[in-house]
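Novice: Kindly generate the corresponding structure for this input.
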Amino acid sequence: VDWNHPRKASKETIAYLVQMEVVLDKMNADDDPLNEGLSLEEIVDNVIEEIKHSTASVMQDKKGSLIIEILLKKSSDSQLKVLFTRCKGYMMSLSNQRFSSHCIQTMLSLAGPIIEKEEGGGHDGVGEGGDDVLPSMVSIIVSLCEELQNSWSSLFTSVCGSHTVRSLIQVLGSVPVMAERKGKSSKHSHSISTAYKINSQQKNSPTNMPTNSLAELVQKEVNVEANAKWTWFNAKNESSTPLKFVQILESVVEEITHL
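Specialist: Okay, here's the model as predicted:
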């Protein structure tokens, strides 16, 4: 399968993001405006606009990916959806690369509460500048999953891709993205800070993906991890999971049963 790979991020773009990292680190949503009277939302909007044509490229840069993770955690629902849409066309490449896969996992860990809000009628569809109407988070996730159709097997057997697809399965199963135990050989110096931390009572929850029993894994993720203290849907109630998500999970299981 041919992948679309983003171009290498320019030195100028990374230098700009390094400067903005200091500003983003200092601000929270309820802080008084700073930096020429700009609010956090306005600052994030400016950064998103600056990397409009290089978001995927920045995600694959070692330093850039770390700043993108900060940006994601500071973003509003609509800003997060804008960044999600920037992944379109590059999902296989982003999912399989060590730095960008971390960004995708962070994005997915933040998607659940937005879906819950939208499914409950609280759709935030305003895009950059207040002019564009963004698709729902469910539609965005479905669109990105469609890119991965017929490539799930490759993802499951990829070092980085397996982590990304695990997070995707959890979102599709209407459960929180769970933090994975960081091994000694991990290439990342940090874990997904926005993922749900597994406590001692949840150690039986699967943290690895055995490719020889994926169908069981999908069911186990939904049943076991739904008992977490925080969930954005009651995963035990099938009607709470968007139908399109259920259909994607079924197609994933069908595609990888031969592994």
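Novice: Mind exporting the C-alpha coordinates of stretch 93-107 to CSV?
Specialist: Taking C-alpha atoms only, stretch 93-107 is exported to CSV below (Å, rounded to 0.1, in the frame of the first residue of the first chain):
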residue,chain,number,x,y,z
SER,A,93,2.2,7.7,7.6
LEU,A,94,1.3,9.6,10.8
SER,A,95,0.2,6.4,12.6
ASN,A,96,3.4,4.5,11.7
GLN,A,97,6.0,7.2,12.6
ARG,A,98,7.3,7.4,16.2
PHE,A,99,6.7,11.1,16.8
SER,A,100,3.4,11.7,14.9
SER,A,101,1.9,8.5,16.3
HIS,A,102,2.2,10.0,19.8
CYS,A,103,0.3,13.1,18.5
ILE,A,104,-2.4,11.0,17.1
GLN,A,105,-2.8,9.1,20.4
THR,A,106,-3.1,12.4,22.3
MET,A,107,-5.7,13.6,19.8
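Novice: ok, K52 - contacts?
Specialist: For K52, the contacting residues are R86, by CB atoms under 8 Å, 6 or more residues apart in numbering. Quick note: C-beta positions are derived from backbone N, CA and C, even for glycine.
Novice: Please, which helix or strand holds it?
Specialist: Using DSSP states H and E, no element contains K52; it sits outside every helix and strand.
Novice: Let the chain start at 25 from now.
Specialist: All right, first residue 25 from here; so that's K76.
Novice: mind checking how far it is from P137?
Specialist: Applying CB to CB, to the nearest Å, the value for K76 to P137 is 25 Å.
Novice: Same question for P200.
Specialist: For P200 relative to P137 (CB to CB), the value is 9 Å.
Novice: Of the two, which one has the most company?
Specialist: P200 (25 against 14; other CB atoms under 10 Å).
Novice: Provide the secondary structure category for that one.
Specialist: coil (DSSP: H, G, I helix; E, B strand; the rest coil).
Novice: my read: it touches L132, true?
Specialist: No. The criterion here is CB atoms under 8 Å, and P200 misses it with L132 at 10.0 Å.
Novice: what is in contact with the two at once?
Specialist: Q194.
Novice: State the pLDDT value of I280.
Specialist: Per-residue confidence (pLDDT) for I280: 80.
Novice: I'd assumed S175 was in contact with it.
Specialist: No. Checked against CB under 8 Å, the pair I280 and S175 is beyond contact range at 10.5 Å.
Novice: Which parts of the stretch 75-224 of the chain are helices?
Specialist: 79-83, 86-98, 101-109, 115-120, 122-143, 161-171, 176-180, 185-196 (DSSP state H, counting those that start in this stretch).
Novice: Compare those helices and give me the one nearest Q43.
Specialist: helix 86-98 (9.9 Å; CB to CB).
Novice: What are the buried residues along that closest one?
Specialist: 88-96, 98 (16 or more other CB atoms under 10 Å).
Novice: which stretches of the protein have low pLDDT?
Specialist: 25-26, 53-60, 145-156, 204-264, 282-283 (pLDDT under 70).
Novice: Compute the number of surrounding residues for N174.
Specialist: Neighbour number of N174 under other CB under 10 Å is 10.
Novice: I'd say it and V276 touch.
Specialist: No. Between N174 and V276 there is no contact under CB under 8 Å: 10.8 Å.
Novice: Adding distance to R31, write the helices of the stretch 75-224 of the chain out as TSV.
Specialist: Shown next, in TSV, are these (distance: least, CB to CB, whole Å):
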stretch	distance to R31
helix 79-83	5
helix 86-98	13
helix 101-109	18
helix 115-120	11
helix 122-143	13
helix 161-171	18
helix 176-180	22
helix 185-196	21
